[in-house]
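Undergrad: Generate a structure from the sequence data that follows.
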Amino acid sequence: IIDQAAPIGVFDSGLGGLTVLQALRERLPHERFVFLGDSARCPYGPREPKEVKAFVLQICSHLARRGCKMIIIACNTATAAGLPAAQQAFDIPIVGVVMPGARAAVHMTRNRRVGVIATEGTVQQGVYGEAIHHLDAGIKVIQKATPEFVSIAESGFEEMDEGTTQAAPFSLKEECQRVAQGYLAPLRAEGIDTLVLGCTHYPLIQELISQEMGPSVTLVSSAEETAREVRAILSRRDELRSPGEDDGVEVLITGDDATKFTRVAQKVLGITPPITKVMLDEVREEGEGTS
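TA: Residues are numbered from 1 along each chain as shown. This next block holds a predicted model:
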């Protein structure tokens, strides 16, 4: 029997998943969250899918042992590599960020030409194309690996204004504009009308991306769509936390960057959550989980 008051686990390879956590907090204000940032092994994008899958199973095991009633993989690369294996290995609902974003793109496109920008790992596995074509096989999907956007977003955290989720100052820097133009010009030339931000870091530089794509292209961030899906699942399972109970956020990290996580959490979430460094167990064999 699941305890309604149990926390929801959320994890990412680093800081980007805080954008998903913020969307979840807005839609589920009474819930308690445990966020794990695997910053010691960030980034996941260049790693082999088998290795990332092992990380996903390991982190899900850790969060399940902490009593989480549900787990959200707030990382596109990790969702692509490990979501099916995690769903098979654990008895609690596990949700990724790919399908909610794909579904939103299918609903929003008018000319049925959708672009996807993401890390190398997400693009190589083609999960967004597969998810979009599962919903509408007639949509043309153009995918582009844009790894330098992660670095721009990470650096932009340092210049963000309080209470905003936009690393706006970087949209004015010529170097970043050149990177964005190089990445996005081919997508614009394809005539897309919808662009999926296939990395949880990318909403933080949405202004930079939007400036390059122009007003005719709709940007899709999967964070809000994922939060909507999570609420629907908990509601159907009668597992929504009751109002008035203790809510809040606990942040776990695997690296030594507690100061940076504190600063970013203050800016993205508007709070200063307790941050604890954790040492994860050795990676488990595939398929081994907890229930």
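Undergrad: Can you give me the neighbour number for residue 19?
TA: 27 (other C-beta atoms under 10 Å). The way it works is simple: take the backbone N, C-alpha and C, and place the C-beta from them, glycine included.
Undergrad: SS state for it?
TA: What DSSP: H, G, I helix; E, B strand; the rest coil gives for residue 19 is helix.
Undergrad: Run through the residues that contact it.
TA: 74, 165, 200-201, 203-204, 221, 223, 268 (C-beta atoms under 8 Å, 6 or more residues apart in numbering).
Undergrad: swap in residue 254?
TA: 36-41, 277-280.
Undergrad: Columns neighbour count on top of the contacts of residue 19, output as TSV?
TA: Formatted as TSV, those follow (neighbours: other C-beta atoms under 10 Å):
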residue	neighbour count
74	30
165	18
200	30
201	28
203	25
204	32
221	24
223	27
268	21
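Undergrad: Looking at the residues you listed, which has the smallest pLDDT value?
TA: Among the contacts of residue 19, residue 165 carries the weakest pLDDT, at 50.
Undergrad: Adding distance to residue 46, write the contacts of residue 19 out as a markdown table.
TA: Below are those laid out as a markdown table (distance: C-beta to C-beta, whole Å):
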| residue | distance to residue 46 |
| --- | --- |
| 74 | 19 |
| 165 | 25 |
| 200 | 16 |
| 201 | 14 |
| 203 | 21 |
| 204 | 20 |
| 221 | 23 |
| 223 | 23 |
| 268 | 24 |
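Undergrad: Could I get those in a markdown table, plus columns for secondary structure and distance to residue 64?
TA: Converted to a markdown table, the contacts of residue 19 look like this (DSSP: H, G, I helix; E, B strand; the rest coil; distance: C-beta to C-beta, whole Å):
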| residue | secondary structure | distance to residue 64 |
| --- | --- | --- |
| 74 | coil | 16 |
| 165 | coil | 29 |
| 200 | coil | 22 |
| 201 | coil | 26 |
| 203 | helix | 28 |
| 204 | helix | 29 |
| 221 | strand | 27 |
| 223 | helix | 23 |
| 268 | helix | 26 |
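Undergrad: rewinding a little: any of the contacts of residue 254 buried? List them.
TA: 36-41, 280 (16 or more other C-beta atoms under 10 Å).
Undergrad: Let's see which of the residues you listed end up in strands.
TA: 36-37 (DSSP state E).
Undergrad: For the buried ones among the contacts of residue 254, give me CSV that also has distance to residue 110 and pLDDT.
TA: CSV is the format used below for the buried ones among the contacts of residue 254 (distance: C-beta to C-beta, whole Å; pLDDT from 0 to 100):
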residue, distance to residue 110, pLDDT
36, 38, 97
37, 37, 95
38, 38, 95
39, 39, 90
40, 43, 92
41, 40, 92
280, 45, 86
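Undergrad: Return the member of the buried ones among the contacts of residue 254 nearest to residue 95.
TA: Nearest to residue 95 among these is residue 36, at 15.2 Å by C-beta to C-beta.
Undergrad: ok, that closest one - contacts?
TA: 9-12, 59, 62-63, 251-254, 278.
Undergrad: Spatially central residue for this protein, please.
TA: In the chain, the residue lying closest to the centroid (C-alpha atoms, centre = their mean) is residue 74, at 3.3 Å.
Undergrad: Once you drop chain neighbours, what's closest to residue 119?
TA: Spatial nearest neighbour of residue 119, excluding adjacent residues (C-beta to C-beta, 6 or more residues apart in numbering): residue 45 at 3.0 Å.
Undergrad: if we can go back for a sec, kindly supply the PyMOL command isolating those of the contacts of residue 36 that are buried.
TA: The following PyMOL line selects those of the contacts of residue 36 that are buried, judged by 16+ other C-beta under 10 Å:
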select buried, resi 9+10+11+12+59+62+63+251+252+253+254
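Undergrad: Strands - which of the contacts of residue 36 land there?
TA: Among these, the residues falling in strands (DSSP E) are 9-12, 251-253.
Undergrad: Closest one of those to residue 210?
TA: Nearest to residue 210 among those: residue 12, at 22.8 Å, using C-beta to C-beta.
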